[in-house]
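> I need the structure of the sequence given here:
(2 chains)
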Amino acid sequence: MNIQFKKGVLGICVLCVLARKDCYGYELVDDISKKIDIAEGTIYPLLHRLKDEGLVTTYLQESGEGPPRKYYRLTDTGRTKEQEQRDEWIHFAASVNALLEGELHGDN
Amino acid sequence: MVTTEHEYLDILRDRLTGYLTGEDLEEILEEYAGHFAIGKSRGRTEEELCRALGSPEDVAKEIRAAYLIHKAEQTKSAGTIWQATRATTRLHGLSFAAVIVPVILFAVVFGLVFIAGLALICGGAVLLLLAVLKLLGLALTLPWHPLHLSSQPGVLFSIGIFILGIIVLVADVWLAKFLGRMTIRYLKGKLPSKKDTWIFPPQGAPLTSAIGRDGAAALDLQVRMNAGELTIGGGTADQVLVNMTSGNGGCAGPLTYSASMDGTTKRVWIRNRHFSWWCAHDWPADELAYTGDIRVSREVPVALDIKNHAGRTRLALGELSLSSLVIKNSVGETLIDLAGYHGANFDAAIKNGVGNLVLRLPKDSNMTLVIHRGVGSTDVRGFVVNGDTYTTTSTRPDASRITIRIKQGVGAVTVEAV
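Just a heads-up that it's a prediction; the model follows:
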C-alpha cells in the first residue's frame, strides 16, 4: 500500500487508540502495527509532534517488570481533535468508497 | 541491514547528534531503548524488532523533521529555519535547491541592507560629531574631507542620516522576521498554494460574492481586515458556504477572497487588499471605514480565524458549528455572541488589544474561560469563579464543551452567560 496513504492516517489512528485508553509507547505501536503495516519506528516521532501540538501529554507509571513506563494520554484539545478527525475520516472514506464502487459499476 | 539493538541506537544517535539538544536526544533514545526492552521481554528477537521499526536512517529523518519544525517555530533563527527546511524537503523528496536558492538570495539581500543600515547609522554619528565640533569652533583638520562635499554637512542633515539608518535597520529586521514566519507556515503547508487565485469583485458598492460548498464537509475561514467594521453571522442559501458583502470603502477598497479545497475541507481566505494611507486625511470619515459582512453556512463545522487591525468586530456565532475560533483585534470594540450555541465542541483564543470586549455565551453548556486581564475592569456574570478561571456546567448530556482563552490589553471585559 502507498506509504503516503498510511502516513496521512497514522495521526488519526494514534489519537483514536489513545481516546480508548492511555498507552505506553510499545503498547500503542503494537496495537497499530497489528492492523496497519507500517515502520514501527515512525510512530515515536509522531507522538512527539502530537505532544508539541498539545494534543497528548505524558506521565510516568511504575510497571511490574523493569523501569517505569512513559504513558501517553489525550488532552482535552486532543480529544476534540480526535472526534473531529474521526468524523472527517469516516465521511471522507465513505465518499471515496462510494466513488470507487460507482466507477466499478460503471465499468460493468 | 541492522540486526542488533546496539547498532540501531548507535545509528540513531549518530544521525541525530547536532540536530537535537542533548536532552531531546536522550529522551528519544530512551524511548527506543524502552521499545527494545519491552519487545524482548515479550519474546521478540532484536533482529525482528529492528526490522519492524524500519531503517534507522529513515526513522532519524522523521525525528529530525518532527523536532526541527518545532524548534524553528520557537526560535526563528536563520540556522533553525535552514535546518527545518532541509529536513522537510528531504522528507517530502523535494529538491533542496528549489527551496534553498531563494532562501539564500533573501538572506544575502537582507544582509546587505542590514550592513547599509549600520553604515548609515555610523556615518550619521560621525558627521554629527564633526558638525557639532565645527559649531563649537573646534573644526578638526582631517587628512580627508567627509563625503567629498564642498561644505561640511550640517547637524540636521547628520541626524537625518542617522535616523534613516535606524529606519532601514528596523524595517529590514522586521521584514526578515516576517518572511521567516511565512517560510515556517509554508513548510507546514499552511500557506495558500499557487493554485489559489484571488477574486476581485468589480468596483462599485455594495458587492456580494457567494462561495459554493462543492461537497465540502468542513470550512476553514480566515479573515484579515485592515480597518473597518466586520460582522460575521450564520445563514446562507443551500449549497452556499460563505456569502460576503463588502461596502465599497472609497480608497480602502473591497474585500477580496480566495477559495480552494484541501481534502474535504474548503479553505477560504478573505482579505482587504487595497488599503491606502493616502486617504488618511479623510479619517475618521465613514467612507474610509469600509464594512465587511460575512455570512457562513450552518451546515458544516467552521474553523474561524479572524484578525481586524482597527475597527469594530461583531460576531454572531450562536447558529454556527465551530471547530475552532481564533480572534485577534488590535484596536476597536469586539463583540462575540455565542448565545444559543449547540454545535460541536471547540477551543477559542481571543486576543484583544485596545478596546472593550463583550462576550455573550451559552449558559447551558460546559464552558471553561481563562482570562488574562490587562488594564480595565472585568465583569463576568453567571460563572463559577476560581482565580482567573471561570466555568459553567450543563446538566444536558449533549451540551457543547467550550474552552475560551482571553488575553485583554486595554479595555473592559464583559462576559455574560445567557
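> quick one: contacts for the residue lying closest to residue B:299 once chain neighbours are set aside?
Among residues not flanking residue B:299 along the chain, residue B:213 sits closest, at 7.6 Å (CB to CB, 6 or more residues apart in numbering or on different chains). Any C-beta I mention is one placed from the backbone N, CA and C, and that applies to glycine too. Residues near residue B:213 by CB atoms under 8 Å, 6 or more residues apart in numbering or on different chains: B:239-241, B:266, B:297, B:299-300.
> which of these count as buried?
Under a neighbour-count criterion of 16 or more other CB atoms under 10 Å in any protein chain shown, the subset of those counted as buried comprises B:240-241, B:266, B:297, B:299-300.
> looking at those, which is nearest residue A:61?
Closest approach to residue A:61 among the buried ones among the contacts of residue B:213 (CB to CB): residue B:300, at 40.3 Å.
> pretty sure that closest one contacts residue B:214?
No - counting by CB atoms under 8 Å, residue B:300 sits too far from residue B:214 to count as a contact (11.2 Å).
> return the residues of chain A in contact with chain B.
Neighbours of chain B within chain A, by CB under 8 Å from any CB of the partner chain: A:24-26, A:29, A:33, A:39-42, A:44-46, A:48-49, A:52, A:65-67, A:69-70, A:76-77, A:80, A:83-84, A:88, A:91-92, A:95.
> so what's the closest residue to chain B within chain A closest to, chain neighbours aside?
Here the residue of chain A nearest chain B is residue A:39; by CB to the nearest CB that distance is 2.5 Å. What sits nearest to residue A:39 in space, not counting adjacent residues and going by CB to CB, 6+ apart, is residue B:54, at 2.5 Å.
> for the stretch 151-300 of chain B, which segments count as helices?
With helices called from DSSP state H, counting those that start in this stretch, the stretch 151-300 of chain B shows them at B:155-187.
> quick one: low-confidence parts of the chain?
If you meant another chain, say so; for now it's chain A. With pLDDT under 70 as the threshold, chain A has low-confidence stretches at A:1-4, A:103-108.
> think we crossed wires, I meant chain B
Applying pLDDT under 70 to chain B flags the ranges B:69-99, B:139-153, B:184-207, B:227, B:246-255, B:272-290.
> near chain A, which residues of it?
So far as CB under 8 Å from any CB goes, chain B lies against chain A at B:28, B:31-32, B:34-35, B:37-39, B:41, B:52-56, B:58-59, B:62-63, B:65-67, B:70, B:215, B:217-218, B:263-265, B:301, B:323, B:344-347, B:401, B:403.
> quick one: which of those sit in helices?
With DSSP state H as the criterion, helices contain B:28, B:31-32, B:34-35, B:37-39, B:41, B:52-53, B:56, B:58-59, B:62-63, B:65-67, B:70 from among these.
> narrow these to just the buried residues.
Among those, those buried by neighbour count (16+ other CB under 10 Å) are B:28, B:31-32, B:34-35, B:37-39, B:52-53, B:56, B:59, B:62-63, B:65-67, B:70.
> helices and strands around the top helix by length along chain A, which ones?
Looking across chain A with DSSP H, the single longest helix is helix A:76-107. Using 3 or more CB pairs under 8 Å, 6 or more residues apart in numbering or on different chains; DSSP states H and E as the contact criterion, the neighbours of helix A:76-107 among helices and strands are helix A:3-20, strand B:346-354, strand B:401-410.
> make CSV from these and add mean neighbour count to it.
Converted to CSV, the helices and strands packed on helix A:76-107 look like this (neighbours: other CB atoms under 10 Å in any protein chain shown):
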stretch, mean neighbour count
helix A:3-20, 16
strand B:346-354, 20
strand B:401-410, 19
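> shared neighbours, residue B:300 and residue B:214?
With contacts taken as CB under 8 Å, 6+ apart, the residues that reach both residue B:300 and residue B:214 are residue B:241.
> for chain A, what is the nearest residue in chain B?
residue B:54 (2.5 Å).
> ok, now how distant is that residue from residue B:383?
In this structure, residue B:54 and residue B:383 are 50 Å apart, going by CB to CB, to the nearest Å.
> same deal with residue B:173?
Applying CB to CB, one obtains 43 Å for the distance of residue B:173 from residue B:383.
> who has more neighbours, those two?
Neighbour tally, residue B:173 and residue B:383, criterion other CB atoms under 10 Å in any protein chain shown: the higher count belongs to residue B:383, 18 against 14.
> what sits against that one?
Listed by CB under 8 Å, 6+ apart, the contact set of residue B:383 reads B:367, B:369, B:390-392, B:415, B:417.
> recalculate using a threshold of 7 Å.
Remark: with contacts taken as CB atoms under 7 Å, 6 or more residues apart in numbering or on different chains, residue B:383 is in contact with B:369, B:390-392, B:417.
> buried among those? Make that a ChimeraX selection.
Typed into ChimeraX, the line below selects the buried ones among the contacts of residue B:383, using 16+ other CB under 10 Å:
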select /B:369,390,392,417
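> the contacts of residue B:383 in strands, which ones?
Among the contacts of residue B:383, DSSP state E puts B:369, B:390-392, B:417 in strands.
> among the residues you listed, which two are most distant?
Greatest spatial distance in those: B:391 and B:417, 10.3 Å, computed using CB to CB.
> make CSV out of the helices and strands packed on helix A:76-107 and add distance to residue B:10.
Listed next are the helices and strands packed on helix A:76-107 as CSV, based on distance: least, CB to CB, whole Å:
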stretch, distance to residue B:10
helix A:3-20, 26
strand B:346-354, 42
strand B:401-410, 44
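> which one of the ones you listed lies nearest to residue B:332?
Distances from residue B:332 to each of these were compared using CB to CB; the minimum, 7.8 Å, belongs to strand B:346-354.
> and the closest one, how far out from the chain middle?
Its chain's C-alpha centre and that of strand B:346-354 lie 13 Å apart, by CA atoms, centre = their mean, to the nearest Å.
> which neighbours in the sheet does that strand have, and how are they oriented?
Within its sheet, and counting by DSSP bridges, strand B:346-354 is paired with strand B:321-331 (parallel), strand B:401-410 (parallel).
> the inter-axis angle of it versus helix A:76-107?
Strand B:346-354 runs at 120 degrees relative to helix A:76-107, counting by axes from the mean of the first three to the mean of the last three CA atoms, to 10 degrees.
> after strand B:346-354, next one along is what?
Toward the C-terminus, strand B:346-354 is succeeded by strand B:357-361 as the next helix or strand (DSSP states H and E).
> by how many degrees do that following strand and strand B:321-331 diverge?
Strand B:357-361 and strand B:321-331 meet at an angle of 160 degrees, taking the same axes, to 10 degrees as the criterion.
> got a list of what the residue of chain B closest to chain A touches?
When contacts are counted by CB under 7 Å, 6+ apart, residue B:54 touches A:39-42.
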